[in-house]
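A.B. asks: Okay, predicted coordinates and the sequence, questions at the end:
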Amino acid sequence: MNKSENRRPRIGFHAPVAGGLHKALLKSREMNCDAVQIFSRNPRGWTARPLADEEIEQFKIVRAETRISPVAVHCNYLVNLASADNEIREKSIKSFREEIERGIILGADYLVVHPGSAKGACETDGVRTCAESLKIACADLDLDSLRILIENTAGQGECIGYRFEHLRDVIAAYPELNLGVCFDTAHAFAAGYDLRYEDGFAATLEALESNVGLKNISVVHFNDSKAPYNSRVDRHWHIGMGEIGAEAMRRVARSPELAHAAFLLETPQDEKGDDERNIEALRSFLT
Ligand SMILES: [Zn+2]
Ligand SMILES: [Zn+2]
């Protein structure tokens, strides 16, 4: 057996930060996870309280102790880098720049962002606007330690990013930004990539490879979907209990083509123990 067949992805979930950002690391360790995703601020507000020095210090100390890696920060939901509305776009660029600065200060590895909604403009313009906004937001920042990952979307409303070609065009616009990709399984499935079957998954991997390069997928958002295939609706669901189903989710989890990425769950947190059960489901696929 060669090395690649033995390889297993690092796993984790979007962990809560109530009581401090470091709590996400502690919770992840408690659940025997390798990696984590957090919000570094309120995900539904324009303004963010600056990070206090003690908060940053504590996060770094606990991270060194727990060795949780990689750490991904998910951008807040208001940012719309593709907006055709200048006021919204400017606010988004400012807010996204703050997200980058927070990510760098915290020593995070990745910042995950959706390409945005091109409402009022065509998709091609939306893609171009998104790329330009990213370029402006990153101006004069040292991105060496933090990689920005563009996430594929379900294509809900007028969101771009539901075709891998959109991600390709955003990434290709400014190679110097070294943008990577976050591949969300629930979004891809709802957008018309049929992960349920072996051939559909193989075609999806091929499309990822030819458009963005599999090696550039640093994070997989490992979510089942409550929304049906090709519905363009974004509804994450418990692993193995949704429309993608356990067999197909197992195939994705065991895929050697994605084993270099961190698999992070964003499944519903409705009842106590949901995260534990979903992590257990992912772990069971890998053993
Ligand atoms: Zn996301
Ligand atoms: Zn996601």
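C.D. replies: Done, it's in. Ligands and ions are numbered 1, 2, ... in the order given.
A.B. asks: where are the low-confidence patches of the stretch 151-287 of the chain?
C.D. replies: In the predicted model, the stretch 151-287 of the chain carries no residue with pLDDT under 70.
A.B. asks: how about the residues of it near ligand 2?
C.D. replies: D184, H221 (CB under 5 Å from the ion). For glycine as for every other residue, the C-beta is placed from the backbone atoms N, C-alpha and C.
A.B. asks: need the strands for the stretch 151-287 of the chain, in chain order.
C.D. replies: 180-184, 217-221, 224-225, 236-237, 262-265 (DSSP state E, counting those that start in this stretch).
A.B. asks: Give the partner strands of the third one in its sheet and their orientations.
C.D. replies: What it means is strand 224-225. strand 236-237 (antiparallel) (DSSP bridges).
A.B. asks: Need the contact partners of the strand it pairs with.
C.D. replies: A186, N223, D224, S225, K226, E243, E266, T267, P268 (CB atoms under 8 Å, 6 or more residues apart in numbering).
A.B. asks: let's go with 6 Å and repeat that
C.D. replies: A186, N223, D224, S225, K226, E266, T267 (CB atoms under 6 Å, 6 or more residues apart in numbering).
A.B. asks: Hmm, the last one is touching M241, no?
C.D. replies: No: with the criterion set as CB atoms under 6 Å, T267 and M241 do not qualify as a contacting pair; they are 9.2 Å apart.
A.B. asks: Looking at these two, which is more packed in?
C.D. replies: T267 (25 against 17; other CB atoms under 10 Å).
A.B. asks: ok, and the closest non-adjacent residue to the more buried one?
C.D. replies: N278 (4.5 Å; CB to CB, 6 or more residues apart in numbering).
A.B. asks: wait, that neighbour sits on I239?
C.D. replies: Yes: contact criterion CB under 6 Å: N278 and I239 qualify, at 4.8 Å.
A.B. asks: Now do the shared contacts for the two.
C.D. replies: By CB under 6 Å, 6+ apart, no residue touches both N278 and I239.
A.B. asks: hey, what's I38 bridged with?
C.D. replies: Assigned bridge partners for I38, using DSSP bridges, are V73.
A.B. asks: contacting residues for it?
C.D. replies: I38 neighbours (CB under 6 Å, 6+ apart): V17, A24, V73.
A.B. asks: Could you tell me the model confidence score at it?
C.D. replies: We have a pLDDT of 98 for I38.
A.B. asks: from now on call the first residue 68
C.D. replies: Shifting the count to begin at 68 puts that one at I105.
A.B. asks: For D176, see how far away it is.
C.D. replies: 12 Å (CB to CB, to the nearest Å).
A.B. asks: Also P295?
C.D. replies: 34 Å.
A.B. asks: more crowded one of the two?
C.D. replies: Counted by other CB under 10 Å, P295 and D176 do not tie: D176 has more neighbours, with 19 against 13.
A.B. asks: residue contacts, that one?
C.D. replies: Contacts of D176 (CB under 6 Å, 6+ apart): P137, V138.
A.B. asks: Next, the contact list for R235, please.
C.D. replies: Counting by CB under 6 Å, 6+ apart, R235 makes contact with N278, V279.
A.B. asks: Could you find the closest non-adjacent residue to D342?
C.D. replies: That would be F80: by CB to CB, 6+ apart, it lies 5.5 Å from D342.
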